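**Student:** Task: produce atomic coordinates for the following.
(2 chains)
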Amino acid sequence: MLRSKGFVPVALALAIIGGCQSAPKPEDMARTSLQTAPADLQLICANAVAGTAKLESTKVLPTSSRALDATSYSVDLDAGGRKYNCVVDSTGSVKSVTPV
Amino acid sequence: MTATSDHNRPVSKDQPAWTRRKLGAAVLAAALCLGPLAALAQTQIYDARTKKWVNYDKKKARQYFARNNQLPEAFRRQVVPFRTAEQPGTIIIDGNQHFLYLVQPGGQAIRYGIGVGREGFGWAGIVRVGRTAEWPTWTPPAEMVARDPNAAKWAAGMPGGPDNPLGARALYLYEGDQDTIYRIHGTVEPWTIGLDVSSGCIRMNNDDVTDLHSRIEIGAKVIVLMQGAALYKGV
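**Tutor:** From the prediction side, this is the model:
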């Protein structure tokens, strides 16, 4: 069976597909099941909310976050007791800040 | 359950009340900082051989460390890009992803792997480094002294050293002028980096906490991010 005409092309295709799957960089080879936003993006949102809420950034803390898609994150924040949501993309650009 | 303390000498009942209060706080910190293993969120590492993400629990972590005598690369100290308005010298802890960042100039940070609080013991907030200690003393809590003969011999405080659970350095986290009883400290269990292991303290391997200690100033701002935190400090 292994010598059948169809095996070689199939095996070759599988090898190519396997080779095309990109492995993460070594420094990125750890994660948790919680797909939270990177810390720097969470803090970019905290700064944006501090501006909107007219508070010192020391009073604004991200409380949860999640990936919306491959390039953007939603971050929930507490600003001195008031709740906000912020959407930020992976380049660090804040897309929206809204009170909730 | 193990415990800890923050003093560099034994404390007796003859000492003044404020010292006993400090000891009480230290023992509470001990109980909070060191604890059994349990998962808050499952850590995973990428297996380059199978090209799959695999769960990284206490057993796997021990095996990995025994085989390689070091942590997975992601948890080793390294410089990474970090976009922030925070001042260089600020410490940012991502408890969910098990990383501690020390902000550097030029949009970079030094990233260290950490172990954090297990489920129900995670906390978040904005605090500061109130003080630090080299090779801190560890004082077991009374309940541990009562049940564990090995701990009993250290009832008055285990001197700092390579077998001390607090490891090589401790950074004491304060909220204003109040000790939060949480610490960033070293460990005698380096394989636990990357896991949810403690009762609230941030643990690092000894080389890393020594490096961090050498770079920070007393008063440094510490931002702790932890989704699902049971407690908030300083905000």
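
**Student:** does residue B:144 sit in a helix, a strand or a coil?
**Tutor:** helix (DSSP: H, G, I helix; E, B strand; the rest coil).

**Student:** Find the nearest non-adjacent residue to it, please.
**Tutor:** Sequence neighbours aside, residue B:151 is the residue nearest to residue B:144 in space, at 4.6 Å (criterion: C-beta to C-beta, 6 or more residues apart in numbering or on different chains). For the C-beta atoms, the positions are set from N, CA and C on the backbone; glycine is no exception.

**Student:** Quick one: classify the one you found as helix, strand or coil.
**Tutor:** Look at residue B:151: counting by three-state DSSP, its state is helix.

**Student:** State the number of residues packed around it.
**Tutor:** 21 (other C-beta atoms under 10 Å in any protein chain shown).

**Student:** do stretch B:116-134 and chain A meet?
**Tutor:** Yes - residues of stretch B:116-134 contacting chain A under C-beta under 8 Å from any C-beta of the partner chain: B:124-126.

**Student:** and which of the residues you listed is nearest to residue B:107?
**Tutor:** residue B:126 (21.5 Å; C-beta to C-beta).

**Student:** element containing the nearest residue to residue B:82 once chain neighbours are set aside, please.
**Tutor:** Of all residues not flanking residue B:82 in the chain, residue B:109 sits nearest, at 3.6 Å (C-beta to C-beta, 6+ apart). For residue B:109, the host element (DSSP states H and E) is strand B:108-113.

**Student:** before we move on, the earlier item: would you convert the residues of stretch B:116-134 next to chain A into TSV that also reports pLDDT, neighbour count and secondary structure?
**Tutor:** Formatted as TSV, the residues of stretch B:116-134 next to chain A follow (pLDDT from 0 to 100; neighbours: other C-beta atoms under 10 Å in any protein chain shown; DSSP: H, G, I helix; E, B strand; the rest coil):
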residue	pLDDT	neighbour count	secondary structure
B:124	93	26	strand
B:125	94	21	strand
B:126	95	19	strand
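
**Student:** So which of these is the closest to chain A?
**Tutor:** Ranked by distance to chain A (C-beta to the nearest C-beta), these are led by residue B:126 at 5.5 Å.

**Student:** from memory the closest one sits against residue B:234, does it?
**Tutor:** Yes - using C-beta atoms under 8 Å, residue B:126 is in contact with residue B:234, at 4.4 Å.

**Student:** if I look at the two, which residues touch both of them?
**Tutor:** residue A:58 (C-beta atoms under 8 Å, 6 or more residues apart in numbering or on different chains).

**Student:** quick revisit: and the residue nearest to residue B:82, how many neighbours does it have?
**Tutor:** Residues within reach of residue B:109, counting by other C-beta under 10 Å, total 26.

**Student:** how about whichever residue of chain B sits closest to chain A, secondary structure?
**Tutor:** Across chain B, the shortest distance to chain A (C-beta to the nearest C-beta) belongs to residue B:74, at 3.4 Å. Assigned with three-state DSSP, residue B:74 falls in the helix class.

**Student:** separation between it and residue A:90?
**Tutor:** Going from residue B:74 to residue A:90 by C-beta to C-beta, to the nearest Å gives 18 Å.

**Student:** Show me which of these two is the more surrounded one.
**Tutor:** residue B:74 (24 against 14).

**Student:** got the residue ranges for the helices in the chain?
**Tutor:** All of this refers to chain A. For chain A, applying DSSP state H gives helices covering A:7-20, A:39-53.

**Student:** um, chain B though
**Tutor:** So, for chain B - with DSSP H - the helices run B:17-33, B:58-68, B:142-147, B:149-152, B:206-215.

**Student:** mean pLDDT lowest for which of those?
**Tutor:** Taking the average pLDDT of each of those, the minimum falls on helix B:17-33, with a mean of 52.

**Student:** isn't residue B:86 right next to residue B:126, touching?
**Tutor:** No - the pair formed by residue B:86 and residue B:126 falls short of the contact definition of C-beta under 8 Å, at 10.5 Å.

**Student:** overlap in contacts of those two?
**Tutor:** Common contact partners of residue B:86 and residue B:126 (C-beta under 8 Å, 6+ apart): B:221, B:223.

**Student:** Hmm, residue B:139 and residue B:151 touching each other?
**Tutor:** No - at 9.6 Å, residue B:151 does not count as touching residue B:139 under the criterion of C-beta under 8 Å.

**Student:** and the gap between residue A:97 and residue A:43?
**Tutor:** 14 Å.

**Student:** got it, and residue A:55?
**Tutor:** In this structure, residue A:55 and residue A:43 are 14 Å apart, going by C-beta to C-beta.

**Student:** more crowded one of the two?
**Tutor:** With neighbours defined as other C-beta under 10 Å, residue A:55 and residue A:43 compare such that residue A:43 has more, 29 against 15.

**Student:** show me the contacts for the more buried one.
**Tutor:** A:62, B:84-86, B:92, B:223.
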